[in-house]
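Undergrad: Quick one, fold the following:
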Amino acid sequence: MAQVLGLKQPTMAVMEKLGRGLKRSTLKRYIEATGNEQRLIILEWLADPRSHFPEQQDGDLVKDGVCVGFITEKIGLSQPTVTGHLQYLAKAGIFTSKRIKSWVFYKLVPERLDEAVAVLPELAPVASRHHKPSE
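TA: Model (predicted):
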């Protein structure tokens, strides 16, 4: 696993300790899911969907999630690209998806986001020891 993350074994031990019992695979998914600017933007939007999206004809923004079409239109990327980002976040457990009629809606799972947010900042000192800024 350390080779997959590109980290040395001692770093993995620190990550396990910081992860408070999270499986390595879960921690890896959180890191990868939040390691993309577009996904972070989508995360921000879905954390407060009423502030970022208009009411939908089908599905409640908070209860059911946001339609992929609205997210695609707002972020300005292709639908397949947006779907890929959303599926990545869903695979990490940060989002859930739900089909209503012919549309797919994505919703934030606050508990998973809280878990990721609690762990990821603690990794900054670990990362800084292994990253040398370019000059």
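Undergrad: any chance you could read off phi and psi for Ser78?
TA: When read as degrees, to the nearest 10, the backbone of Ser78 gives phi -70, psi 150.
Undergrad: Same check on the one 3 residues further on?
TA: Thr81 adopts backbone torsions of phi -70, psi -50, taken as degrees, to the nearest 10.
Undergrad: any idea how far Cys67 is from it?
TA: The gap separating Thr81 from Cys67 is 16 Å, by C-beta to C-beta, to the nearest Å. Every C-beta, even on glycine, is put in place using the N, C-alpha and C of the backbone.
Undergrad: Just want to know which of those two has more residues nearby.
TA: Cys67 (20 against 12; other C-beta atoms under 10 Å).
Undergrad: And that one, what's its pLDDT?
TA: Cys67 carries a pLDDT score of 97 in this model.
Undergrad: and if you look at Lys28?
TA: Looking at Lys28, its pLDDT stands at 78.
Undergrad: That one belongs to a helix?
TA: Yes. Counting by DSSP: H, G, I helix; E, B strand; the rest coil, Lys28 is found in a helix.
Undergrad: Next, the buried residues of the helix or strand where Arg112 lies.
TA: Assigned by DSSP states H and E, Arg112 belongs to helix 110-119. Buried positions in helix 110-119, judged by neighbour count with 16 or more other C-beta atoms under 10 Å: Arg112, Leu113, Glu115, Ala116, Val119.
Undergrad: For Val66, give me its contacts.
TA: Contacts of Val66 were listed using C-beta atoms under 8 Å, 6 or more residues apart in numbering, and they are Trp45, Leu46, Pro49, Phe53, Gln56, Phe105, Tyr106, Lys107.
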